[in-house]
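> need a structure here:
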Amino acid sequence: MPIFDNMISEQDQIIQLSIILPAYNDAQNVNIILPNLYSFLQSKEGQCEIILVDDGSKDNLYEVYAQHSVLAPQNVTLNLIQFSRNFGKEAALSAGLQEAKGQLVALMDSDGQHPIAVLDEMLQVLHRTDADMVAAVQATRAHESLVLKLYKHLFYRFMQDSQRYQLEPHAGDFRVMKRKVVNALLNLPERQRFMKGLYSWVGFKTLYIPFQAEQRLEGTSSFNFSHLFELALIAVTSFSVKPLRWISRMGFLVSIIAILYGIFIIIDTLCFGRDLKGWPTLAVGIMFSAGLQLICLGVIGEYIGRIYDEVKQRPLYIVDKKWNSKSQQ
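Predicted coordinates:
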């Protein structure tokens with residue numbers, strides 16, 4: 001039974017599967033991945049497309065695209081979207097979703113860590129079940145440091161406690177979704193995007209399958225701890241108001257302590273005639289209060305900064321050029 005037998009039958013016109021590959025300085029890896037994807041897709045019924053999103057790369061990604069565009073199987077179209085500069089992976093994924101025309105849309109990294117066999121498994125699961133989206137979950141993360149594991153654990157614990165929907169801790173962008181899920185994601189207007197949160201926010205029935213990520217084919221990842229921290233800030237300020245509520249509770253607690261301490265000083269002075277002492281304690285209290293206020297201002301400032309970015313209504317990305325292997329033939 002073909003995977004796409006429940007799709008529209010005009011297979012020479014309807015694209016059945018779109019595969020989105022965001023790439024940033026991954027020309028060497030894309031050069032290895034594309035032939036493998038061609039071999040995988042040419043055995044599938046119906047038209048398919050591969051969408052490369054060049055997120056401001058400095059390498060020869062276009063030359064790799066040009067080389068492989070003429071080698072695409074008859075049922076595969078290779079597209080290249082080139083940004084005017086680096087806008088980030090979330091923007092690249094959004095651009096790929098906007099461009100994708102497939103009834104099913106798959107998201108994969110372009111570094112070779114996402115096995116094609118797992119992609120095939122997700123397609124099979126989507127076909128056999130009534131799920132609307134299937135996501136791959138890393139079974140182990142042995143390569144990560146203890147600090148990074150702790151950081152991610154605390155982040156996902158916070159996000160889980162803040163939401164009314166499930167945010168799977170070890171599920172990334174490697175997933176396959178139906179057209180209605182793609183349309184729902186495209187209807188979300190925000191500029192500051194945390195895609196893993198948006199996948200969960202739109203809902204729909206999602207199944208998860210375990211997989212083991214492969215080693216990166218070539219080069220090193222540009223996604224470092226600072227990028228993860230920035231993404232975490234976007235996630236928290238976009239999906240939770242819990243920090244603002246914490247500020248209110250801390251302010252209330254500090255006010256109660258200050259009132260009780262003030263009552264104690266008044267009683268101690270008027271009833272027992274003791275002199276007010278403890279300037280070091282007062283100095284520490286003032287510094288603690290000032291530090292707490294600065295922290296609160298910083299948290300509020302993050303939210304105001306996100307609002308500022310949103311109201312400017314700037315586009316999420318700017319496309320410089322587009323290429324299509326079919327139109328070049």
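
> Tell me how many other residues crowd Pro243.
The criterion is other CB atoms under 10 Å. On that basis, Pro243 has 17 neighbouring residues. All C-beta atoms are positioned from the backbone trio N, CA, C, and that covers glycine.

> Not counting its neighbours along the chain, what's nearest it?
Computed as CB to CB, 6 or more residues apart in numbering, the closest residue to Pro243 that is not its neighbour in sequence is Val299, at 5.0 Å.

> helices or strands up against the helix ranked longest in the chain?
Ordering each helix of the chain by length in residues (DSSP state H) puts helix 279-311 first. Where contact means 3 or more CB pairs under 8 Å, 6 or more residues apart in numbering; DSSP states H and E, helix 279-311 is packed against helix 225-239, helix 242-272.

> mind listing what the following helix or strand past it pairs with, with the direction of each?
Sequence-wise, the next helix or strand downstream of helix 279-311 (DSSP states H and E) is strand 319-324. Its sheet considered, strand 319-324 pairs with strand 76-83 (antiparallel) by DSSP bridges.

> wouldn't the residue nearest to Pro243 be in contact with Lys242 here?
No. The pair Val299 / Lys242 is not scored as a contact, 10.4 Å apart, by CB atoms under 8 Å.

> for the record, mean pLDDT for stretch 190-197?
Mean per-residue pLDDT for stretch 190-197: 82.

> who touches it?
90-91, 93-94, 159, 167, 171-173, 231, 234-235, 237-239, 306, 309-310, 312-314, 316 (CB atoms under 8 Å, 6 or more residues apart in numbering).

> before we move on, back to that, quick one: the residue nearest to Pro243 from Val236, how far?
9 Å (CB to CB, to the nearest Å).

> When these two are compared, which one has more neighbours?
Val236 (22 against 16).

> Correct me if wrong: that one contacts Pro243.
Yes. Proximity of Val236 to Pro243 meets the contact threshold set by CB under 8 Å, at 6.6 Å.

> returning to what we had before: selection in ChimeraX covering whichever of the contacts of stretch 190-197 are buried, please.
Entered in ChimeraX, the line below selects the buried ones among these, by 16 or more other CB atoms under 10 Å:
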select :90,91,93,94,159,167,171,172,173,231,234,235,237,238,239,306,316
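
> Pick out the residue nearest the middle of this structure.
The C-alpha lying nearest the average C-alpha coordinate of the chain belongs to Met195 (CA atoms, centre = their mean; 3.4 Å).

> any idea how far it is from Gln98?
13 Å.

> Show me what counts as buried in the longest helix of the chain.
296, 299, 302, 306.

> my read is Arg193 is in a strand, agree?
No. With DSSP: H, G, I helix; E, B strand; the rest coil as the criterion, Arg193 is coil rather than part of a strand.

> how many neighbours does it have?
Arg193, neighbours per other CB under 10 Å, totals 21.

> what's the answer for Asn25, then?
Asn25: 20 neighbours (other CB under 10 Å).

> Could you do Gln67 as well?
Residues near Gln67, counting by other CB under 10 Å: 12.

> For Met108, give me the pLDDT.
On pLDDT, Met108 comes in at 91.

> for it, what are its contacts?
19-21, 114, 119, 173-174.

> Of those, which belong to helices?
Leu119.

> Just the buried residues of the contacts of Met108.
Of those, these count as buried by 16+ other CB under 10 Å: 19-21, 114, 119, 173-174.

> wait, which of the residues you listed is closest to Phe40?
Leu119 (7.5 Å; CB to CB).

> Torsion angles phi and psi at the closest residue to the closest one other than its chain neighbours?
Leaving aside its chain neighbours, Leu119 sits nearest to Ala106 (5.9 Å; criterion: CB to CB, 6+ apart). Here is the backbone geometry of Ala106 (degrees, to the nearest 10): phi -110, psi 140.

> How many residues are close by Ala106?
For Ala106, using other CB under 10 Å, the count is 24.

> wait, it sits on Leu21?
No. Using CB under 8 Å, Ala106 makes no contact with Leu21, being 9.5 Å away.

> Mind picking out the helix or strand in the protein with the poorest mean pLDDT?
Every helix and strand of the chain was ranked by mean pLDDT, DSSP states H and E. The lowest is helix 146-162, at a mean of 67.

> export the contacts of Met108 to CSV and tack on pLDDT and distance to Val64?
Output for those, formatted as CSV (pLDDT from 0 to 100; distance: CB to CB, whole Å):
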residue, pLDDT, distance to Val64
Ile19, 93, 16
Ile20, 94, 17
Leu21, 93, 11
His114, 88, 18
Leu119, 91, 20
Asp173, 86, 21
Phe174, 89, 22
